[in-house]
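Colleague: can't give you the sequence, but here's the structure:
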Ligand SMILES: [Zn+2]
């Protein structure tokens with residue numbers, strides 16, 4: 001099935017320069033490159049942080065304001081400063097230092113003003129094949145699957161496994177664990193906003209605006225559904241279901257049988273709400 005690239009829309013992304021910014025200019029023989037400053041306590045001081053209000057929920061209460069001064073040790077990069085405030089770089093679309101674009105690898109100077117902007121929505125993650133959900137987000141995983149969105153989920157995966165699987169399978173890890181999002185080996189991730197599954201679903205749809213294909217994916221295992229003739233599945237259905245429905249599908253992975261209307265009103269409500277959220281981005 002042509003799955004790659006189907007999940008995410010293609011629009012410009014301002015975001016994550018973290019993985020793109022390499023060690024340019026450090027090759028042997030390069031001349032004229034200024035080495036990064038060594039740790040020097042004399043350079044330490046305060047940095048003024050201006051975080052976008054959309055990110056305030058990640059900050060400690062006293063820092064939820066337009067400008068907050070934070071100590072800088074003379075060595076930490078902007079990326080370290082941001083993460084030390086509790087904001088994973090996955091949630092950052094751009095940094096500005098004294099009004100100009102800056103990379104997370106840069107270091108500030110005392111008194112500098114650091115602006116932290118959230119990721120653009122919808123966010124595009126080039127090469128992403130789908131999502132991988134952290135423990136505790138099982139209900140969200142099932143709702144994404146109802147909408148036909150590729151949402152892998154295991155309720156027993158350790159952080160390191162999630163990070164590894166996300167990297168190997170090019171999946172965006174969805175979690176509410178900031179420590180997980182700050183792991184260096186993470187390929188792509190997002191902090192899911194909201195406690196209720198309705199809110200979490202709305203947040204993921206709003207953030208990534210993935211194409212929807214309701215009733216094409218198994219809610220139990222995330223496998224893809226294939227149409228199947230009624231007579232082939234007749235023996236697996238209750239008499240009432242056989243009489244009432246005539247369109248059936250079977251999961252290619254686990255063999256579970258689905259019929260049109262199997263999710264009833266609950267499905268309709270989720271699909272309509274999802275279409276409204278995604279339509280806001282896609283016009
Ligand atoms: Zn299945």
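Modeller: That came through fine. Since we're looking at a predicted model, the values are computed, not measured.

Colleague: and the gap between the closest residue to residue 181 other than its chain neighbours and residue 139?
Modeller: Excluding the flanking residues, the one nearest residue 181 by Cβ to Cβ, 6 or more residues apart in numbering is residue 88, at 3.6 Å. C-beta: built from backbone N, CA, C; applies to glycine. As judged by Cβ to Cβ, to the nearest Å, residue 88 and residue 139 stand 23 Å apart.

Colleague: quick one, phi/psi of the residue nearest to residue 245 when sequence neighbours are not counted?
Modeller: Using Cβ to Cβ, 6+ apart and skipping the chain neighbours, the partner closest in space to residue 245 is residue 259 (4.1 Å). The phi/psi pair for residue 259 (degrees, to the nearest 10) reads phi -130, psi 160.

Colleague: Next: residue 227.
Modeller: Given degrees, to the nearest 10, the pair of backbone angles that residue 227 has is phi -60, psi 150.

Colleague: Please parse the protein into its domains.
Modeller: 42-118, 130-215+263-282 (automatic domain parsing).

Colleague: one step back: when residue 88 and residue 139 are compared, which one has more neighbours?
Modeller: Taking other Cβ atoms under 10 Å, residue 88 and residue 139 do not tie; residue 88 has more neighbours (21 against 15).

Colleague: Now do the contacts for the more buried one.
Modeller: Contacts for residue 88 (Cβ atoms under 8 Å, 6 or more residues apart in numbering) come out as 58, 178, 181-182, 189, 191.

Colleague: ok, and which of the residues you listed reach the ion?
Modeller: Among these, proximity to the ion is found for none (Cβ under 5 Å from the ion).

Colleague: out of the residues you listed, which are inside helices?
Modeller: Among the contacts of residue 88, the residues falling in helices (DSSP state H) are 178, 181.

Colleague: Just name the closest of the contacts of residue 88 to residue 151, please.
Modeller: residue 189 (14.1 Å; Cβ to Cβ).

Colleague: Specify the local secondary structure of the closest residue in space to the closest one that isn't next to it in sequence.
Modeller: Of all residues not flanking residue 189 in the chain, residue 173 sits nearest, at 4.1 Å (Cβ to Cβ, 6+ apart). State at residue 173, reduced to three classes by DSSP: H, G, I helix; E, B strand; the rest coil: strand.
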